[in-house]
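**Student:** Quick one, fold the following:
(2 chains)
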Amino acid sequence: MTTEALTAKDFTSDQETRWCPGCGDYAVLAAVQKLMPELGIPPHRVVFVTGIGCAGRFAYYMDTYGMHGIHGRAPALATGLAAARDDLSIWIVTGDGDALSIGGNHLIHALRRNVPVKILMFNNQIYGLTKGQASPTSELGKVTKSTPFGAQDEPFNPLSLALGAGATFAARTVDRDRRHMTDVLRAAAEHEGAAFVEIYQNCPVFNDGAFFALTEKDRAVFNRIPLVHGEPIRFGPDGEHGVARGEDGSLEIVAAEDRELVVHDARRADPTQAFALARLADSPNEPTPIGVFRDVRRPVGIAEVSRKLNEAREQMAPEALDRLLHAGDTWTVA
Amino acid sequence: MAVTRSPVKSRKRVIVRFAGDSGDGMQLAGSRFTEATAEHGNDFATLPSFPAEIRAPAGTLAGVSAFQIHFAAQDILTPGDEPDVLVAMNPAALRSELPGLARRGTVIANEDAFSKRNLQKAGYDENPLEDGSLDGYHVIRIPMTSLTTRATEAIESVSTRDAGRAKNLFALGVVSWLYDRPTKPTEDWLRRKFVNKPGPLEANLAAFRAGWNFGETSELIDVQYKVDPATDVPPGTYRNVNGTTATAMGLIAASVRSGLPLVLASYPITPASELLHELARHQDMGVRTMQAEDEIAAAGMALGAAFGGALGVTATSGPGMDLKAETIGLAVALELPMVVIDVQRAGPSTGMPTKTEQSDLLMAIHGRHGESPLPVVAATTPGQCFEAAYEAARIAVHHRTPVILLSDLFLANSSEPWRIPDAGELAAIEPALTTAPHNGTPFQPYLRDRNGARPWAVPGTPGLAHRIGGLEKEDVTGDISYDGANHARMTRVRADRIAGLAAELPPLEVDEDPGATLLVLGWGSSLGAIRAAARRVRLNGHAVAIAHLRHLNPLPANTGDVLRRYERVLVPEMNTGQLAQLLRAEYLVDVESYTKLEGKPLFAAELEREFVERL
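**Tutor:** I've put the predicted structure just below:
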């Protein structure tokens, strides 16, 4: 099979998609299916590993290899797969509850290990499949079925969590901007270690409009802070706002003409600027950076061990097992 | 130096227990004595016992570390019940280990360590070496610390520190003389171990020789014992292995023979961590070990690796098993090969991490939500762990199922001579990966072979891209299905394919005397103790039948027939009667239980008593 002839159809399974009408997941699925042929990887070398939640169904809709796992455990399953196989393109699709709550430990360790997987975290700030409980990214005071008096717990900021765990690639995009999403996913696909992508995804049933400040035409232009590597960080209809470094070293939003703007550098080894950008917005209802926050190279330990083990297996002498069994002091009884 | 040889007496079998503070090097002395014993040609079995705390306060009861070896001129089956000789390096060791010593047994005590302060730490008001409390024993007092110092002080390269740490070698020297062990294995080992460390090497060599010479020349020890090499051992090449090493080799052998790369993912937990350490050393055999972030991830990594076409293994103990249940359930649904090794320890919860038990049997068989059957295999002796691990891998791969291998702390740490198999003669393991769709039709991931096993098609195979997951599958196609009739069928299919495995298992064999009315049925690590007890009963002219289960799920096909042949059935276990409960439920046979929950293995003597009561 030549990869040149591939189209989105080659990555579309025969299963009927069963997300709610208007769900942001459809847009991500379409973007991924459209991007895949561009990457030049045949479908049989691609694996989608998913957790539990609406996002977990993603695996069934891709005509690739797929494993729909258990709640929160997709990074562990994918890490094992990556350890066994260095010839696959492995994608994890997860949600805010799956990745940050029940699977938080696996997520941070997959990032720490820089496992060669792309992690697409659909953040809708709510538990959808279980019908509307507060998630670890739900805003303070959020009224849900499980928090009738308002959520009491501070939400996670997924990007700062990922950066804190040592993510070598961390990005944010939105479901209602196909082009931006595709660019970010492409950059993630090209990253050789663990890539973490937070996708703001609208849940029309349980949390409709959570990201409209960043996705709707009339508001997006005021609130999106696009991060472009090598460019000053600037936003607004006429680029009249920007991000500058304050006197105490923290980042702040300023009028662009007054100050020297921070130039975005995703390749910076030091993660503090990416971290500060991740913490720039407290909620998606205010000016919020989107794009690639960080994209740096760090050795991929799993792949290095694979090379070593592949070599060992190739060079193993036929008598190696007998030698192993006879290692150490032996004696013979006639 | 001209010496008068002590008289030499012959013994058929001897049990020696080395005991001291955890810093005294008793495990080292014991393992060196074991190697010399192997060299000498005795059969043997060993059992170390460690304190739960890494650095318990020196000199306290909590810090006592011991190593027991049973060696004999004949085939033996267990590390032994009661030691004949106790080497006590300090008062705490004496106090902690004396209750286990045989009546009229021998105590070899390092009298230098019996200071007022050490006596206090061990809870003695009076010095037991002097107050007559040891009158029933043969006590040999040796000032080991000062004799070691004297033996080493003239050697220039030896520091005071080196000398102070060599007294275990002095004790080893004494016991080596007492049982006429060859000295060369120990001396060679020291030379290898301390190849670039002249200080410790000279100190240890000098201490070892001083101990030996002390035995030979001192009148304190008036007799030397000889235990002839065992002659009833099957021919072959042997090595000393503990259960951990044997398990590791079994897994590697399964990997090499099947051509599947071995991926072991594990989280540190006592005692299963030893397996991680052992396998981590074997990158040269293509072994991948992963120290996971938690027990759940360890199971997930093993299963993810299996999806990719590896031999995925995870190992744990105690509460680690609880955490893996979710992933094992997924493996049942995915029908992928995976080996889960449970090195059992005493529970519930953290329980007694350094004490053995067989209390995870029902959990292994039933411990998952929903109907989720899987095969359970149990290892029976330290050396047999090799075969058990290999068998678990074979079943997992051939039947596309997670398999639980039950080992336990006793097996993991005990050692015995192991007859090394010829790698080429191990049973074949055929992964039979699917490489093309069946008859040109679209690939059907849940189309089964005649064993009820589904195809194993690994990512990277063109034309076979498919999706699997924890949701119920439609029979044959593997599509998601919530259809009630399909679920009922799939539940039966999953149950039947595991139950059907019984057809390929060897039948339960009975070792019986004519006219035996009592059957003793054991499982797992009690094999040695049950056999030893049966041997004793038979020596007294009684008839008994014994049988042992290596497969706990499914049970061998003839199990019910065997149980019904005898008037009485006794099931000894290190739990509250879990196998007995299974057998009663499955076969409606009124089996009797003998249970032990003291964190120690079953002893031959107690079993002998139980057998005799029922004859």
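**Student:** Start from the N-terminal end of the stretch 201-334 of chain A and give the strands.
**Tutor:** A:224-227, A:234-235, A:241-245, A:251-255, A:288-295, A:330-333 (DSSP state E, counting those that start in this stretch).
**Student:** Give me the neighbour count for B:L276.
**Tutor:** 24 (other Cβ atoms under 10 Å in any protein chain shown). No exception for glycine: its C-beta is placed from N, CA and C like everyone else's.
**Student:** Can you tell me, leaving aside adjacent residues, what's nearest to it?
**Tutor:** Leaving aside its sequence neighbours, B:L276 sits nearest to B:S266 (Cβ to Cβ, 6 or more residues apart in numbering or on different chains; 4.2 Å).
**Student:** can you pull the contacts of the one you found?
**Tutor:** B:A272, B:S273, B:L275, B:L276, B:T289, B:M290, B:Q291, B:A292, B:A298, B:T314, B:A315, B:T316 (Cβ atoms under 8 Å, 6 or more residues apart in numbering or on different chains).
**Student:** sorry, back to before: out of the strands of the stretch 201-334 of chain A, flag the one nearest chain B.
**Tutor:** strand A:330-333 (4.6 Å; Cβ to the nearest Cβ).
**Student:** can you tell me the average pLDDT over the closest one?
**Tutor:** Confidence for strand A:330-333, expressed as mean pLDDT, is 90.
**Student:** Also stretch B:144-162?
**Tutor:** 90.
**Student:** So which bits of stretch A:165-183 are buried?
**Tutor:** Buried positions in stretch A:165-183, judged by neighbour count with 16 or more other Cβ atoms under 10 Å in any protein chain shown: A:165-177, A:180-183.
**Student:** can you redo the contacts of B:S266 as JSON lines with secondary structure and pLDDT?
**Tutor:** JSON lines is the format used below for the contacts of B:S266 (DSSP: H, G, I helix; E, B strand; the rest coil; pLDDT from 0 to 100):
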{"residue": "B:A272", "secondary structure": "coil", "pLDDT": "97"}
{"residue": "B:S273", "secondary structure": "helix", "pLDDT": "97"}
{"residue": "B:L275", "secondary structure": "helix", "pLDDT": "98"}
{"residue": "B:L276", "secondary structure": "helix", "pLDDT": "98"}
{"residue": "B:T289", "secondary structure": "strand", "pLDDT": "98"}
{"residue": "B:M290", "secondary structure": "strand", "pLDDT": "98"}
{"residue": "B:Q291", "secondary structure": "strand", "pLDDT": "98"}
{"residue": "B:A292", "secondary structure": "coil", "pLDDT": "98"}
{"residue": "B:A298", "secondary structure": "helix", "pLDDT": "98"}
{"residue": "B:T314", "secondary structure": "strand", "pLDDT": "98"}
{"residue": "B:A315", "secondary structure": "strand", "pLDDT": "98"}
{"residue": "B:T316", "secondary structure": "strand", "pLDDT": "98"}
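**Student:** want to throw the residues you listed into a markdown table with distance to B:G560?
**Tutor:** A markdown table is the format used below for these (distance: Cβ to Cβ, whole Å):
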| residue | distance to B:G560 |
| --- | --- |
| B:A272 | 34 |
| B:S273 | 39 |
| B:L275 | 35 |
| B:L276 | 39 |
| B:T289 | 41 |
| B:M290 | 42 |
| B:Q291 | 44 |
| B:A292 | 41 |
| B:A298 | 37 |
| B:T314 | 33 |
| B:A315 | 33 |
| B:T316 | 32 |
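**Student:** show me what contacts residue 302?
**Tutor:** You didn't say which chain, so I picked chain A. Per Cβ under 8 Å, 6+ apart, neighbours of A:I302: A:T79, A:A82, A:A83, A:D86, A:R113, A:N114, A:V115, A:P116.
**Student:** meant chain B actually
**Tutor:** For B:A302, the contact set (Cβ under 8 Å, 6+ apart) comprises A:G80, B:V263, B:L264, B:A265, B:G312, B:V313, B:T314, B:T327, B:M338, B:V339, B:V340.
**Student:** same thing but at 6 Å, please
**Tutor:** The contact partners of B:A302, by Cβ atoms under 6 Å, 6 or more residues apart in numbering or on different chains, come to B:A265, B:G312, B:V313, B:T314, B:M338.
**Student:** The third one is in what secondary structure piece?
**Tutor:** Which is B:V313. strand B:311-316 (DSSP states H and E).
**Student:** Quick one: distance of that strand to the chain centre.
**Tutor:** Offset of strand B:311-316 from its chain centre (Cα atoms, centre = their mean, to the nearest Å): 17 Å.
**Student:** Buried residues in that strand, which are they?
**Tutor:** Going by neighbour count (16+ other Cβ under 10 Å), the buried part of strand B:311-316 is B:L311, B:G312, B:V313, B:T314, B:A315, B:T316.
**Student:** B:G300 is in contact with the fourth one, correct?
**Tutor:** Which is B:T314. No: taking contacts as Cβ atoms under 6 Å, B:T314 lies outside contact range of B:G300: 8.7 Å.
**Student:** Can you flag the buried ones in the contacts of A:I302?
**Tutor:** By neighbour count, with 16+ other Cβ under 10 Å, those hold A:T79, A:A82, A:A83, A:D86, A:R113, A:N114, A:V115, A:P116 as buried.
**Student:** How about the secondary structure of the last one?
**Tutor:** Which is A:P116. Using DSSP: H, G, I helix; E, B strand; the rest coil, the secondary structure recorded for A:P116 is coil.
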